[in-house]
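Asker: this one's sequence-less:
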DNA sequence: TAATAAAAAGACATCAATGTCTTTAATGGG
DNA sequence: CCCATTAAAGACATTGATGTCTTTTTATTA
């Protein structure tokens, strides 16, 4: 419900990379997938898209891997949502009506708009950096337990 | 996003039946699917489950069809959500963590709880009857435009 | 009782999300 | 330059949601 597995995987992956590579080192896909208990090859596809979007960087070859860049911490969660859920997910009517809008609303339109706007607000104001600030020592583990 | 097509189809189907059969007549699957522009056989499966759950009634044979019963108008939307989305949709963590909870929360746990509780509240207090009260003459059409 | 009309049940098809494996490209280290 | 290591790309498999069709069951009605 609400969001796909891909979104959860993507966000946890980015948080892991952001947290673990501040010192300039890199983390390999094996390490990320292993720690987070996410299917390796599936996470690979997702992180490639995340990297293509510029949210993190990657390099090939020995001692290569994924690592933060100067955009990572400032990235809105919404960017990751749009990357994994597609851009029109917030536009869809809960009753599957294509032409549902404020002028011709379905019986649930206004209430659902409130919820959607709350989600949009949350994901717009919250960045990767924000989620990392609550710097408890168990943070990385909290992403892994599964 | 948020909910499946099945949920939208189910709710629109129930609303249509509730609105059109108050006089004691019945509506056929063909009529419902035709008016609402919902794939006929798919809607059939959904309405059978809705009827098995007691939310509406049905009868076979000539001049048979679907029709309201004494529980229809008082049915919480949540009942239909649980029927179509499964019971644990509100329990899932947005990061796909199985052991995410208030004591060991993921970085988004508390914010997402708010949204989920808002949805739960909305679908708990709202009944089929509530949605039918806003009795504009175009109500049935507003379910059909697609 | 026979014909018919409707839901119910079940088989099958399609599609998108998820998951796995193999091959290719890049790159750092020897 | 060669090798090992890593991400990237692409082929394929699995699964669940959605969609379609056929057969069966039930009940009305002529």
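Answerer: On my side now, so go ahead. Just so it is clear, the structure is predicted and the values come from calculations on it, not from any experiment.

Asker: Can you report how many residues neighbour residue A:14?
Answerer: 26 (other Cβ atoms under 10 Å in any protein chain shown). (Each C-beta comes from the backbone N, C-alpha and C, glycine too.)

Asker: again, but for residue A:123
Answerer: Neighbour number of residue A:123 under other Cβ under 10 Å is 20.

Asker: what about the closest residue to residue A:69 other than its chain neighbours, distance to residue A:41?
Answerer: In space, residue A:69 comes closest to residue A:57 once its chain neighbours are excluded; the distance is 4.5 Å by Cβ to Cβ, 6 or more residues apart in numbering or on different chains. As for residue A:57, its distance to residue A:41 is 21 Å (criterion: Cβ to Cβ, to the nearest Å).

Asker: next one: residue A:5
Answerer: The spacing between residue A:5 and residue A:41, counted by Cβ to Cβ, is 14 Å.

Asker: of those two, who's got more company?
Answerer: In terms of neighbours (other Cβ under 10 Å), residue A:5 is the more surrounded of residue A:5 and residue A:41; the figures are 15 against 8.

Asker: For the more buried one, which non-adjacent residue is closest in space?
Answerer: residue B:96 is the one closest to residue A:5 (Cβ to Cβ, 6+ apart), at 5.5 Å.

Asker: helix, strand or coil for whichever residue of chain A sits closest to DNA strand C?
Answerer: Proximity of chain A to DNA strand C (Cβ to the nearest atom of the strand) peaks at residue A:61, 2.5 Å away. Classification of residue A:61 using DSSP: H, G, I helix; E, B strand; the rest coil returns coil.

Asker: Near DNA strand D, which residues of chain A? Just list them.
Answerer: Neighbours of DNA strand D within chain A, by Cβ under 7 Å from any atom of the strand: A:27-30, A:41, A:44-45, A:47-48, A:51-52, A:58-66.
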